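J.: Sharing a sequence plus its predicted fold:
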Amino acid sequence: MLTAEGKLYLFVAIDRTSKFAVTQLVDTADRRTAWEFLEHLLQAVPHRIHTILTDYGIQFADPPRNRNAAHSRPMRFHMICEANGIEHRLTRPNHPWTNSQVERMNQTIKEDSVKRYHDESHDQVRTHLADFMAADTFARRLKTLSGLTPYEYSCKIWTSEPDRFMMNPIHQMPGLNT
């Protein structure tokens with residue numbers, strides 16, 4: 001995403017079941033911003049994460065020449081996954097459809113926010129993205145969720161399967177107490 005202030009990179013995570021999405025804009029897309037996004041994701045998602053699927057970007061995986069090397073140090077991204085009981089899977093190279101939900105969400109975000117507005121600053125882009133994500137989570141009804149929003153679906157699952165959650169998703173509802 002390009003503004004008068006320069007380029008921003010977008011990290012996106014989406015839950016395959018509830019379609020609950022988390023985004024973060026960063027100045028650089030490197031290993032540090034990847035594990036910081038993972039920590040942000042763990043704070044934002046009300047349920048336990050058991051699997052993360054990423055591409056082979058150097059932010060998430062060692063370069064091919066170092067993958068099986070005995071001397072390579074574990075990446076912090078992997079250490080955070082391991083500490084939280086998360087399996088980290090990688091998409092197959094040259095198969096972008098493997099990660100199709102995230103790819104589609106990236107396209108939707110760009111079409112409905114970035115390409116629609118000319119933002120002068122990074123703060124304006126962040127504000128538009130936050131507003132879009134709030135509308136997507138709390139207002140956009142999806143056919144795949146039987147007409148529920150991602151937030152409503154999470155609340156419905158929480159009432160029937162509270163063991164899957166680390167916190168009550170009702171506490172995420174924006175309003176006077178937030």
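T.: Received it, and whenever you're ready, just let me know what you need. Residues are numbered from 1 along each chain as shown.
J.: continuing past the worst-scoring helix or strand of the chain on mean pLDDT, what's the next helix or strand?
T.: Every helix and strand of the chain was ranked by mean pLDDT, DSSP states H and E. The lowest is strand 2-3, at a mean of 61. Downstream of strand 2-3, the next assigned helix or strand under DSSP states H and E is strand 6-7.
J.: How far does that following strand sit from its chain's centre?
T.: The chain centre lies 21 Å from the centre of strand 6-7; the measure is C-alpha atoms, centre = their mean, to the nearest Å.
J.: what mean pLDDT does the biggest helix by length in the chain have?
T.: Counting by DSSP state H, the longest helix found in the chain is helix 122-138. Helix 122-138 shows a mean pLDDT of 89.
J.: Now do the helices in the chain.
T.: Under DSSP H, the chain gives helices at 31-44, 76-83, 100-109, 122-138, 150-160.
J.: Turn those into TSV, columns for mean neighbour count and distance to His171.
T.: (C-beta placed from N, C-alpha, C; glycine too.) As requested, the helices of the chain are exported to TSV (neighbours: other C-beta atoms under 10 Å; distance: least, C-beta to C-beta, whole Å):
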stretch	mean neighbour count	distance to His171
helix 31-44	17	12
helix 76-83	16	23
helix 100-109	15	24
helix 122-138	16	13
helix 150-160	18	10
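J.: Which one, of the ones you listed, ends up nearest to Asp62?
T.: Asp62 sits nearest to helix 76-83 of all the helices of the chain, at 9.1 Å, using C-beta to C-beta.
J.: Contacts made by that closest one with the rest, please.
T.: Helix 76-83 is touched from outside by 31-32, 34-35, 38-39, 42, 52, 59-60, 86-88, with contacts defined as C-beta atoms under 8 Å, 6 or more residues apart in numbering.
J.: again, only this time at 10 Å
T.: 31-32, 34-39, 41-42, 49, 51-52, 54, 59-62, 73-75, 86-88 (C-beta atoms under 10 Å, 6 or more residues apart in numbering).
J.: just to revisit the earlier point, what angle sits between the longest helix of the chain and helix 150-160?
T.: Taking axes from the mean of the first three to the mean of the last three C-alpha atoms, to 10 degrees, helix 122-138 and helix 150-160 form an angle of 50 degrees between their directions.
J.: so what secondary structure elements neighbour helix 122-138?
T.: Applying 3 or more C-beta pairs under 10 Å, 6 or more residues apart in numbering; DSSP states H and E, one finds that helix 122-138 makes contact with strand 2-3, strand 9-14, strand 21-26, helix 100-109, helix 150-160.
J.: how much space between the closest residue to Ile170 other than its chain neighbours and His40?
T.: Leaving out its chain neighbours, the residue that sits closest to Ile170 by C-beta to C-beta, 6 or more residues apart in numbering is Cys155, at 6.0 Å. Distance from Cys155 to His40, counting by C-beta to C-beta, to the nearest Å: 22 Å.
J.: Alright, calling it a day.
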